[in-house]
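Participant: Quick one, fold the following:
(2 chains)
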Amino acid sequence: MSIIQGTTGEWEMVIGLEVHAQVISHSKLFSGASAVFGAAPNAQVSLVDAAFPGMLPVINEKCVEQAVRTGLGLKAQINLTSVFDRKNYFYADLPAGYQISQFTQPIVGKGEILLDLADGSSRTVGITRLHLEQDAGKSMHDQSPNETFVDLNRSGVALMEIVSEPDMRSGEEAGAYLKKLRAILRYLGTCDGNMEEGSMRCDVNLSMRRVGDPVLGTRCEIKNVNSIRFVQQAIEYESVRQVEVLESGGKIVQETRLWDTSKGITRSMRSKEDAHDYRYFPDPDLLPLVLDPAFVESIKATLPELPDEKKARFISDYGLKPYDASVLVAEKPSADYFEKVAKGRDGKLAANWVTVELFGALNKLGKTVENSPVSAEALGELVGLISDQTISGRIAKEVFEEMLESGKAAAQIVEEKGLKQVTDTVAIEQAIDAILAANADKVAEYKSGKDKLFGFFVGQVMKTTGGKANPAMLNELLKKKLA
Amino acid sequence: MTKLTDLTITEALHGLNDKKFSAAELTEAHISAVEKARGLNIFITETPDGARRQAQESDARRASGKAGALDGIPLAIKDLYCTKGVRTTAASKILGNFVPTYESTVSQKLFDAGSVMLGKVNLDEFAMGSGGVTSAFNPTISPWSGSDPANAARKLVPGGSSSGSAASVAARIAMGATGTDTGGSIRQPASVTGIVGIKPTYGRCSRWGIIAFASSLDQAGPMTRDVADAALMLRVMAGFDEKDSTSVDVPVPDYVAALGKSIKGLKVGLPREYRIDGINPEVDALWHKSAEMLREAGAEVVDISLPHTKYALPVYYIIAPAEASSNLARYDGVRFGLRVAGENLDDMYASTRFAGFGKEVRRRILIGTYVLSAGYYDAYYRKAQRVRRLIRNDFVEAFKKCDVILTPASPGTAFAIGEKQDDPLQMYLEDVFTVTLNLAGLPGICLPVGLAQNGLPMGMQLIGRAFDEETLFTAASALEKAAKFTHKPPFTA
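Facilitator: So this is what the prediction gives:
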């Protein structure tokens, strides 16, 4: 919970999120037209999508399956009977003059999402509902000085609107919610979660109340927030704005506000009075959607392992710390990569290498695990060389750098550069003796209590052995010699 | 020899099979009839060239032994059915010169069975009306004028909304026609023009490609000169369509086989609530006479009750406009049809829709928008849906006591163009006997039984159980046989 310190006291944010997630499917929710992103304008429009006279919607079973799959992934109640309603309003990119949506009886009811917060703690946020609806087309105002162009490719594409309970108390939690939701959708393969392309969009509902007040304040809805970073920025801005209004004796007006990315502010779009009366009513062209329990069961049977379960398994099977585990499971490709590295090896060591060295390197290179220059198998081999003491961790970092550059295998690099660790006691002892003999004065100082010199001796020995002395053995032998 | 245009479909099919005449000749006779009857303003778009081509193809098919169930039969298509490459208007200005690139499922089925399209016929704008008078292409005039001297000077309506369909069949211009029925738009015009019309069970015919008025009520159906022809046509028109989610996947029986079967022991219900004030006493008398005819043919007549009948019209005039207000939102000037330029988007909408929609359509859009509005939804739309269920339940109860229900189809005979137009409530009463079926989703057939003193036809309606059109055809053919209605309108082409 993040508290805002006002001039009259402390304020708490209450945040709920509405996410529109585009369903991964070949065709649209009620027509056979392609739902793939990126085609030329109006290249993917059926007569149904353009609402020609006499055209009728037919539900796409794949989209229903995807909604159920998502509902199951959110541990939510699946409503075996749901109803499609018409949401009526006029706009040039809404061909029928109504959007087919689900109003009173959505396909998915209450569920939950577990947030993984930066401090390693977890928090549950309730899901109110998930419903299926059609997307509208796109109005383009920048193609001509005095005309608006309409692209209907998106018209009729299936969206899942996922509504959370007002359970979040900070921008960080909102961000964690979106990350987790996106991860679940990607694991399930029901939405690609790509906020830049608009296949996942977010509206923020935010109100403020004094800390300890059980009553919710008046909320504003912020639309058009299309990245996780913007969501957090919008929350930051809007919460301060609301506190300022409230503390100066004003009242929050329930309204829809727009996030202005370039200015970093929210501004009023329409008040409650100007809000559309959508005149929802059940779509008479569609019968209630009735699901066979066996259909739901068959989807349940094919659910993949989801982030929470994977995290728990990583903790128990590989002995990972909860934080490392949650970092690894946040994206399925990372989790898969890690498992390949860790298979049959030291899990903790593997996790450390993936989350620190690999992620660090990928970050620098602007790459992802999916196009990593070092494959999971190659990194696994390197981790193996550390575990069997062929090389030390320090040498391994050198080898890893070389792997990134040359793409060569770890063993080959170790071989070519002669980096194999010295584990021969005699050899190490000889090196120690030579250093101690050459630095008799320092030995005397050490023995008189200057403990810090221990590191100096280690460094000197490492220098003469080219860094290849096994660090643990070196420490042990050096201690004995200096005793 | 009987004029080709006087033949029923059944007779014409025999004639074609026996090579007494060709489809080309049959079609040519009807094209001439179309031309002769132009004064009745039946057609919005005539398609003689297409008809001739279809007729030629039909003759070729028949010669090679591949004739379909309606091969070579010239039909009129209500201009609410989208027809590929042929202007489709819904009798509204808003569609401008809209030419669909697709064919409605039902008209396609008719063409697949070999039938010939003479053209697209008039109707009330978007099928909203009971006299054909709301058409943006002017009213269709009935071929009936009756014996009342007052009517001789006036022009009568052929009923509505399927006004052109009814007039074309009654005036011997088309052998059959397609209609659509949302509250009585097949049965009421059939009743006042002395022909047969059936509204099948909701879900029996596909709605795909038929311009929607009220989706939960609309059904396609045939209009013909006798019951057998209706059975022939419906068999072709009916059937499951995966493109219409409300169409029902049940087999379509051979309705012709149901004709002429004995009705001995068939229980015919007479609902006491259908004895209403304002009904023409002659219609009321004919109703009881019809019951008597069925009794004499072996049926058992029983009294039944449909207690929520009086709510049917108010419920209908909430639900139908509500759905229409949403269905007609797509006529916005953006993608097809009429566009009247405006200062901005809202202005363009308002200008386009004001210029494009007639008064009755605007009235229903306003009513529909109102009853769905926040704060009124519960009082109107939701309550209407509840009462609709009660009306449906009435029939479920009634059909425990009887097999078919007999009622009048229309409270009176045809009225004159100009009449009832100032008073929408009076106009809405035309559907008082028919709307209940649309609300309940049940099939109903209307057939001519007698002429009133004024020389105008009166029809009776038989109502059946859902998807039991067969029993309806059996009972209708028995009543047809007993009634011996052979009257023709004074004008035939």
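
Participant: Which pLDDT value belongs to residue A:298?
Facilitator: Confidence at residue A:298, expressed as pLDDT, is 98.

Participant: Give me the three-state assignment for it.
Facilitator: Recorded secondary structure, residue A:298: helix (DSSP: H, G, I helix; E, B strand; the rest coil).

Participant: now it: how far from chain B?
Facilitator: Look at residue A:298 and chain B: by CB to the nearest CB, to the nearest Å, they are 22 Å apart. For the C-beta atoms, the positions are set from N, CA and C on the backbone; glycine is no exception.

Participant: Count the neighbours of that residue for me.
Facilitator: 12 (other CB atoms under 10 Å in any protein chain shown).

Participant: quick one: secondary structure of the residue of chain B found nearest chain A?
Facilitator: In chain B, the residue that lies nearest chain A is residue B:329 (2.4 Å; CB to the nearest CB). Classification of residue B:329 using three-state DSSP returns helix.

Participant: And it, how close does it get to residue B:213?
Facilitator: Look at residue B:329 and residue B:213: by CB to CB, to the nearest Å, they are 13 Å apart.

Participant: the more surrounded of the two?
Facilitator: residue B:213 (28 against 23).

Participant: and that one, that one's in a helix?
Facilitator: No: Residue B:213 is assigned coil when assessed by three-state DSSP, not a helix.

Participant: is it true that it touches residue B:320?
Facilitator: Yes: assessed by CB atoms under 8 Å, residue B:213 is found in contact with residue B:320 at 7.1 Å.

Participant: where do the contact lists of the two overlap?
Facilitator: Counting by CB atoms under 8 Å, 6 or more residues apart in numbering or on different chains, the contacts common to residue B:213 and residue B:320 are residue B:182.

Participant: The helix or strand hosting residue A:334 - contacts with which helices or strands?
Facilitator: Taking DSSP states H and E as the definition, residue A:334 sits inside helix A:332-342. Other elements packing on helix A:332-342 under the criterion 3 or more CB pairs under 8 Å, 6 or more residues apart in numbering or on different chains; DSSP states H and E are helix A:171-188, helix A:307-318, helix A:322-329, helix A:347-352, helix A:376-387.

Participant: again, only this time at 6 Å
Facilitator: Judged by 3 or more CB pairs under 6 Å, 6 or more residues apart in numbering or on different chains; DSSP states H and E, the packing partners of helix A:332-342 are helix A:322-329, helix A:376-387.

Participant: Just the residues contacting it, thanks.
Facilitator: A:187, A:310, A:318, A:328, A:329, A:350, A:354, A:369, A:370, A:376, A:379, A:380 (CB atoms under 6 Å, 6 or more residues apart in numbering or on different chains).

Participant: pLDDT weak spots in the stretch 101-250 of chain B?
Facilitator: Across the stretch 101-250 of chain B, the ranges flagged by pLDDT under 70 are B:151-152.

Participant: ok, 80 please
Facilitator: The model of the stretch 101-250 of chain B has pLDDT under 80 over residues B:148-153.

Participant: All the strands of it, in order from the start?
Facilitator: For the stretch 101-250 of chain B, the strands defined by DSSP state E, counting those that start in this stretch occupy B:116-121, B:176-181, B:196-199, B:219-224.

Participant: most tightly surrounded among the ones you listed?
Facilitator: When the strands of the stretch 101-250 of chain B are scored by mean count of other CB atoms under 10 Å in any protein chain shown, the highest mean neighbour count falls to strand B:196-199 (a mean of 32).

Participant: Which other helices and strands does that one contact?
Facilitator: strand B:219-224, helix B:227-237, strand B:444-451.

Participant: highest average neighbour count across the helices and strands packed on helix A:332-342?
Facilitator: helix A:322-329 (a mean of 22).

Participant: for that one, the distance to its chain's centre please.
Facilitator: 12 Å (CA atoms, centre = their mean, to the nearest Å).

Participant: Show me the residue sitting in the middle of the chain in space.
Facilitator: All of this is about chain A. The centroid of chain A falls nearest to residue A:179 when counting by CA atoms, centre = their mean (3.1 Å).

Participant: Chain B was what I was after
Facilitator: residue B:186 (1.8 Å).

Participant: ok so, going back, could you dump the helices and strands packed on strand B:196-199 to CSV with distance to chain A?
Facilitator: Converted to CSV, those look like this (distance: least, CB to the nearest CB, whole Å):
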stretch, distance to chain A
strand B:219-224, 11
helix B:227-237, 15
strand B:444-451, 20
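
Participant: Kind regards, and thank you for your time.
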